[in-house]
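S.K.: What follows is a protein structure lacking sequence information:
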């Protein structure tokens, strides 16, 4: 399992995802992905118990390879990995040129 802040989707590279909500505008995506089974939502930052929740989530995923495999399979059904190519639209900078 990897712990990193990155743009690449963890369900594409088969790395289990444990999410921490940093802002309220992340709620809908975190809720939907958690309910779909593609990530574990550990909690919100900053919270006094966040470290314990992340530790529990890591231990649970580390001990359950079937769950990790299911998360990966579910994620691949939701994401085709071509979002940028499909939704390519000129940016404001390109439009100004």
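M.R.: Alright, I've got the coordinates. Every value quoted in this text rests on a predicted model; they were computed, and no experiment measured them.
S.K.: tell me which residues in stretch 23-33 are buried?
M.R.: Buried residues in stretch 23-33, counted by 16 or more other CB atoms under 10 Å: residue 33. (Glycine included, C-beta is placed from N, CA and C.)
S.K.: now that stretch: mean pLDDT?
M.R.: For stretch 23-33, mean pLDDT is 91.
S.K.: before we move on, what about stretch 74-88?
M.R.: For stretch 74-88, the per-residue pLDDT averages 71.
S.K.: for residue 39, phi and psi?
M.R.: Main-chain torsions, residue 39, degrees, to the nearest 10: phi -150, psi 160.
S.K.: ok, which stretches of this structure are strands?
M.R.: Assigned by DSSP state E, the chain shows strands spanning 17-21, 39-44.
S.K.: Could you report the separation of residue 40 from residue 71?
M.R.: For residue 40, the distance to residue 71 (CB to CB, to the nearest Å) stands at 8 Å.
S.K.: who's more crowded, the two?
M.R.: residue 71 (24 against 20; other CB atoms under 10 Å).
S.K.: Quick check, pLDDT for that one.
M.R.: pLDDT at residue 71 comes out at 89.
S.K.: My read is that it contacts residue 39, right?
M.R.: Yes - Residue 71 is in contact with residue 39 according to CB atoms under 8 Å; the separation is 7.2 Å.
S.K.: Could I get the strands of the chain in a markdown table, plus columns for distance to residue 32?
M.R.: Below are the strands of the chain laid out as a markdown table (distance: least, CB to CB, whole Å):
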| stretch | distance to residue 32 |
| --- | --- |
| strand 17-21 | 11 |
| strand 39-44 | 10 |
